[in-house]
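Enquirer: no sequence on hand, only this structure:
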């Protein structure tokens, strides 16, 4: 699966003891040989990342909720008698 702008990617480390990295895809760079991504990582820095086979999981960008998914209006309670 190829990532799109706005998707998040998770890069698993091949070295023991090295944590995974997660970042947001800012730009997709198509090249002659393959694809590269400009990524803003969790710590705030940006790099151009060239993934190797099986090293990346793509978490697709979540779309905003649809207008029809809004909650129905709350029911009015009857007025209290005095």
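Expert: Looks like it came in fine. Note that the structure is a prediction, hence the values are computed from the model and not measured.

Enquirer: can you tell me the helix or strand for residue 38?
Expert: Assessed by DSSP states H and E, residue 38 sits inside strand 35-41.

Enquirer: actually residue 26, not the one I typed
Expert: Counting by DSSP H and E, residue 26 is part of strand 21-30.

Enquirer: contacts for that strand?
Expert: Strand 21-30 is contacted by residues 2-11, 13, 35-42, 46, 48-49 when judged by CB atoms under 8 Å, 6 or more residues apart in numbering. (Glycine included, C-beta is placed from N, CA and C.)

Enquirer: stretch 2-17 now?
Expert: 19-28, 35, 37, 39, 49, 51, 55-61.

Enquirer: what strands flank the helix or strand of the chain with the lowest mean pLDDT, and is each parallel or antiparallel?
Expert: The helix or strand of the chain with the poorest confidence is strand 56-59; it has a mean of 84 (mean pLDDT, DSSP states H and E). Strand pairing for strand 56-59, determined by DSSP bridges: strand 8-11 (antiparallel).

Enquirer: what residues sit buried inside the partner strand?
Expert: Neighbour-count burial for strand 8-11 flags 8, 9, 11 (criterion: 16 or more other CB atoms under 10 Å).
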